Structure formats: structure tokens, C-alpha cells
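1. Sharing a sequence plus its predicted fold:
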Amino acid sequence: MEKKFIYDVAGNLYEDTEAFGKAWKAAKEKATALHCAIYRTVRKGETERREVFFKGGCFNNVKYATVHEVMIF
């Protein structure tokens, strides 16, 4: 079963089956233009997790995020 990556930048959604593919690039460009964070939903079958991009350069679960850790592009 294939994973699906859905990036959310201020309500603009970008979808891909590759984690850092075309959708990631489009999301990063939009986040830079809007100066905001990138959220991501990862789906595999019935399983889903919600993440946000951290300043450390990786995605992590939104429940662990603080305003000081989330990357604003």
C-alpha cells in the first residue's frame, strides 16, 4: 500500500506519493511567499498522522510542536 503526502500551506493543499517530491517543492515555495508554516498529513491505508515542519529540518507530530520549534518560511 502506497503512502500519500498532503502538504497544507495556509489552506493550499499539495499532494504526492513522494515525501519530498513536487508537492513538497510547491508547498515550500508557497510557504516562503506567504511566510508561514508547512503542515503535512501522511496517509497509508486507514492510518493517518498530522505533522508540521520543524526548524531542525524535519517533520514531527503536531502534538509535540511549540511556537519556537515550528519553521516559518
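-> Received the coordinates, thanks.

2. What ranges does this structure have for its helices?
-> Here the chain has its helices, by DSSP state H, at 22-34.

3. Show me the shaky parts of the chain.
-> Within the chain, no stretch has pLDDT under 70.

4. what pairs with the spatially closest residue to residue 15 that is not a sequence neighbour across the strands?
-> Spatial nearest neighbour of residue 15, chain neighbours left out: residue 6 (5.0 Å); criterion: C-beta to C-beta, 6 or more residues apart in numbering. For every residue, glycine as well, the C-beta is placed using N, CA and C. Following DSSP bridges, residue 6 is listed with bridge partners residue 15, residue 41.

5. wait, doesn't residue 6 sit right on residue 12?
-> No: judged on C-beta atoms under 8 Å, residue 6 makes no contact with residue 12 at a distance of 11.0 Å.

6. Could you check which of these two has the larger neighbour count?
-> Between residue 6 and residue 12, counted using other C-beta atoms under 10 Å, residue 6 has the larger neighbour count: 17 against 13.

7. Now do the same contact list for that one.
-> Contact analysis of residue 6 by C-beta atoms under 8 Å, 6 or more residues apart in numbering lists 13-15, 23, 40-43.
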